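Trainee: this is a predicted model, with the sequence first.
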Amino acid sequence: MIRVALWLACCASLVTAQDQVVVGSKNFTESAILAEVVAQMLEAHTELRVERRTNLGGTMICHAAVRAGEIDIYVEYTGTGWAAVLEESGKIDDPLRAFVHVQRRYRDEFDVHWLEPLGLNNSYAIAMTEAKAEALGVRTVSDLRAHQAELRAGFSIEFGNRDDGYPGLAQAYDLALGSVRTLEHGLAYQAIQNGDIDLTDAYTTDGKLQRYALRVLEDDRRFFPPYHAAPLVHGATLRAHPEIGDALGRLAFRIPDAEARAMNLAVEAEGRSAAEVVRAFLEREGLTDESVASDRLDRESSGRFPTIFRLALEHLALTLVAVLLASLAAIPLGIACTTRPALRRITLGAAGVMQTVPSLALLAFMIPFLGLNVSAAIAALFLYALLPIVRNTFTGITEVDRDLVDAARGMGMTPRQILRKVELPLAARTIMAGVRTATVISIGVATLAAFIGAGGLGEPILEGLYLNDTGLILSGAIPAAVLAVLADAALARVEKRLAPRVASE
Amino acid sequence: MIEFRGVDKVFTDARGREVVAVRGLDLEVPAGEIHCLLGTSGCGKTTTLRMVNRLEESTRGQVEVGGDDVANRDVFALRRRIGYVIQSGGLFPHMTVAQNVGLMCELVGQDEPRVEARVRELLEFVGLAPAEYTMRYPGELSGGQRQRVGVARALALDPEVILMDEPFGALDPITRRRMHDEFRRLFARMGKTVLLVTHDLEEAFALADRISIMEAGELVQSGTAEELVASPANDFVREFLRGVTPGGTA
Ligand SMILES: Nc1ncnc2c1ncn2[C@@H]1O[C@H](COP(=O)(O)OP(=O)(O)OP(=O)(O)O)[C@@H](O)[C@H]1O
Ligand SMILES: [Mg+2]
């Protein structure tokens, strides 16, 4: 809400809103092609006039330019932002987390905004001729191990020697190739073509991979850092022209590696102009059609429904399992508390403390024990659900009319029989109310399960928070709220049916 | 049938002080007698009653039922041989009349047809038409009907003794009087030993074969209504009986 208000305020203050944007690029083919993609999308879907300023030089120049507003937009790679600009030293293992991290730091430190990734990941890769790979049955880097003694590699000098090149890769995959040479990269493709070497390093979106029919081996241990491409926008520009975000949002994940490779090849090897290649691509993909907008919406809403339904089921399952397990533990515990004051103090105290631990902290606390998965989420929900059920079981039983218990004892019922026949049935409604509270709380807390990859309706919420997409957030939040209301109503009915009959009924 | 011999009951209250509820009680209730414990509030009537089925354990002395010291009997077996009826009726609100009455039969393992037959028999005995009342819940009964169901329940396992703690205390005076007539006939037909607690003199006179008057935890005098009226043991009894003639009203 605050952010929306800020945006509105900024928009209002920018009366001298420029209606021209500058799209820049670095000095290599792919960067220029992606700048052209951005430019054509803006021309197709906004009223803005676009100026192209390609081949600006390296990363640092483009970065300085976009910060200063010299250029408004250019396409950057997450790995580059991470290492070269932000000088992060840690290894990235999760591309989404890396993206979110880079996005946040850029926003906070430079007021430069990463939009949704385009799809391509221009990382390093190991390539092999398609024919050879097929013959050996090699699909992933790990598959190389089976044939490592007979394989000959020719790597670029850089790749052959750097820790994030072959030496690191060999260690990560426990790989010892029969022969490793270093050679000028331009020659490697020739060498692999001639059969002098079997393997070389490459960029995943290099057009030559396609030209020489090379197979990119899957980096199954995620050794190479992700280099996902995404448009970066100067803060003031984005605030003045939020339509930029909408226009470029259409590109999200629409340019896979193969598509990038094909465009790179067309420009580099076939000598076609970037503008022409990009136009063809956008038209083929229907990204510049006038009807595109509504088309996409239709597709999305029809496509998202089953997803939301699945997530809602996941969410419900998560909650129900947790609440069920919590009931199995909490009801006996609550019963035990009625006859053991010491146990009662400890249990209600501990459960109360548990309740005050912030949900995320509790989730984080579970991770070392249970890992990043559904069990950790269920364990956290379980702990949350305990207190209301224990407390209500305890109160429900202690609130049973003492005269009735007295009558039961006087009749010669054993404590077990009294519990089963009198106390539990009369406390059922209160216990059920505890289960209901626990369920509603759990449905809310379960949205956090997405943080640890346990799925549920938290997924679109989390994604929406990352992408600053209110629609996406609501697509998770609303069903979660509906779920909570429905569960509440359903359990309220159960509760009512458990009530002892009185004269008026 | 019921015998108290030198019974004391001392409670320790929440502040740790000792409260003597019953002191040096000697009392014998022969089999088949309807015996009323009468006295002002807090004089120890309920405590005395509850020592019979060991809802309270005596501090000193002996309580015997049918010649056996209750302390030596299995507490659950003992209670199943003793019917217990309390003021509120103590009916379980989540069970039907039939379930309330048949509960103990079921718990001691009698089969369903036998329990059903017993429930019908008992309801008829206390004057409630089974067809109409078995499926009702206690909330759907009048106060008097509830007490009748309470007695039916107390009789379920055919006990030797019935303990009643102010069974009609919650009823209006007119209904209470009608219940007295009804229960006098009922008691006569069932022929059980009954120990009944009340602070209502009229009730004691209407129902009891013999009456025991208690004051501050001690038994002051036992006897038939006529004996008490004819020769009260002290001023307290005289005061208590003032203006009352046997079988009549105050
Ligand atoms: N569990 C207990 N702990 C402490 N004191 C008790 C307890 N039960 C009874 N007393 C005390 O013992 C005394 C006798 O109580 P009791 O209930 O037997 O009286 P009562 O004659 O039945 O009175 P009422 O006519 O009001 O029912 C009272 O002073 C009471 O406060
Ligand atoms: Mg009493």
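Mentor: In hand now; what should we look at? Ligands and ions are numbered 1, 2, ... in the order given.
Trainee: which residues of the chain fall in strands?
Mentor: Let's take chain A. A:20-24, A:49-53, A:73-77, A:112-114, A:124-129, A:152-155, A:179-182, A:199-203, A:214-216, A:229-234 (DSSP state E).
Trainee: ah, I was thinking of chain B
Mentor: B:2-12, B:18-29, B:34-39, B:60-65, B:68-69, B:82-86, B:161-165, B:193-198, B:210-215, B:218-223.
Trainee: tell me the contacts of the residue lying closest to A:R344 once chain neighbours are set aside?
Mentor: With C-beta to C-beta, 6 or more residues apart in numbering or on different chains as the criterion, A:R344 has its nearest non-adjacent residue at 3.8 Å, and that residue is A:C337. Where C-beta positions appear, they are placed from N, C-alpha and C, glycine not excepted. Listed by C-beta atoms under 8 Å, 6 or more residues apart in numbering or on different chains, the contact set of A:C337 reads A:343-344, A:347-348, A:390, A:393-394.
Trainee: redo these as TSV? Include neighbour count, distance to ligand 1 and pLDDT.
Mentor: Converted to TSV, the contacts of A:C337 look like this (neighbours: other C-beta atoms under 10 Å in any protein chain shown; distance: C-beta to the nearest ligand atom, whole Å; pLDDT from 0 to 100):
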residue	neighbour count	distance to ligand 1	pLDDT
A:L343	13	23	91
A:R344	18	21	89
A:T347	21	27	87
A:L348	17	26	84
A:V390	29	28	93
A:T393	27	26	95
A:F394	25	22	94
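Trainee: hmm, which two among those residues are most spread apart?
Mentor: A:L343 and A:T393 (12.8 Å; C-beta to C-beta).
Trainee: give the contact list for residue 167.
Mentor: In the absence of a named chain, chain A is used. Counting by C-beta under 8 Å, 6+ apart, A:P167 has contacts A:N161.
Trainee: that's the wrong chain, I meant chain B
Mentor: Applying C-beta under 8 Å, 6+ apart, the residues near B:P167 are B:85-87, B:147, B:150-151, B:183, B:196.
Trainee: again, but for B:V20
Mentor: Per C-beta under 8 Å, 6+ apart, neighbours of B:V20: B:8-10, B:217.
Trainee: try 6 Å this time
Mentor: Neighbour list for B:V20: B:10, B:217 [criterion: C-beta atoms under 6 Å, 6 or more residues apart in numbering or on different chains].
Trainee: go on, A:I389?
Mentor: By C-beta under 6 Å, 6+ apart, the contact list for A:I389 reads A:326-327, A:330, A:434-435, A:438.
Trainee: please repeat the previous calculation with a cut-off of 7 Å.
Mentor: Counting by C-beta atoms under 7 Å, 6 or more residues apart in numbering or on different chains, A:I389 makes contact with A:326-327, A:330-331, A:334, A:434-435, A:438.
Trainee: cool, B:R118 as well?
Mentor: B:102, B:105, B:156.
Trainee: give me the neighbour count for the closest residue to A:F281 other than its chain neighbours.
Mentor: Once flanking residues are discounted, A:F281 sits nearest to A:M263: 6.1 Å by C-beta to C-beta, 6+ apart. By the criterion of other C-beta atoms under 10 Å in any protein chain shown, A:M263 has 26 neighbours.
Trainee: surely A:M263 meets A:A32?
Mentor: No - between A:M263 and A:A32 there is no contact under C-beta atoms under 7 Å: 10.4 Å.
Trainee: for the closest residue to A:D220 other than its chain neighbours, give its distance to A:D219.
Mentor: Of all residues not flanking A:D220 in the chain, A:T140 sits nearest, at 4.2 Å (C-beta to C-beta, 6+ apart). In this structure, A:T140 and A:D219 are 8 Å apart, going by C-beta to C-beta, to the nearest Å.
Trainee: try A:N194
Mentor: For A:N194, the distance to A:D219 - C-beta to C-beta - is 26 Å.
Trainee: who has more neighbours out of the two?
Mentor: Higher neighbour count among A:N194 and A:D219: A:D219, with 22 against 8, using other C-beta under 10 Å.
Trainee: B:D26: neighbour count?
Mentor: For B:D26, using other C-beta under 10 Å, the count is 12.
Trainee: looking at it now. What's its pLDDT?
Mentor: Reading off the confidence values, B:D26 has pLDDT 94.
Trainee: please look at it and B:G6 and confirm they touch.
Mentor: Yes - applying C-beta under 7 Å as the test, B:D26 and B:G6 come out as touching, 6.3 Å apart.
Trainee: what's near enough to touch the residue nearest to A:L465 when sequence neighbours are not counted?
Mentor: Spatial nearest neighbour of A:L465, excluding adjacent residues (C-beta to C-beta, 6+ apart): A:I473 at 6.3 Å. By C-beta under 7 Å, 6+ apart, the contact list for A:I473 reads A:461, A:464-465.
Trainee: dump the residues you listed into CSV; add pLDDT, distance to ligand 1 and neighbour count as well.
Mentor: Output for the contacts of A:I473, formatted as CSV (pLDDT from 0 to 100; distance: C-beta to the nearest ligand atom, whole Å; neighbours: other C-beta atoms under 10 Å in any protein chain shown):
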residue, pLDDT, distance to ligand 1, neighbour count
A:I461, 83, 56, 22
A:G464, 73, 62, 18
A:L465, 73, 60, 16
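Trainee: quick revisit: what's the closest of the contacts of B:P167 to ligand 1?
Mentor: B:Q87 (8.6 Å; C-beta to the nearest ligand atom).
Trainee: how far away is that closest one from A:D19?
Mentor: From B:Q87 over to A:D19 (counting by C-beta to C-beta), the distance is 89 Å.
Trainee: who's more crowded, the two?
Mentor: For B:Q87 versus A:D19, neighbours defined as other C-beta under 10 Å are more numerous around B:Q87 (19 against 10).
Trainee: what are the phi and psi values for the more buried one?
Mentor: With angles defined as degrees, to the nearest 10, B:Q87 sits at phi -50, psi -50.
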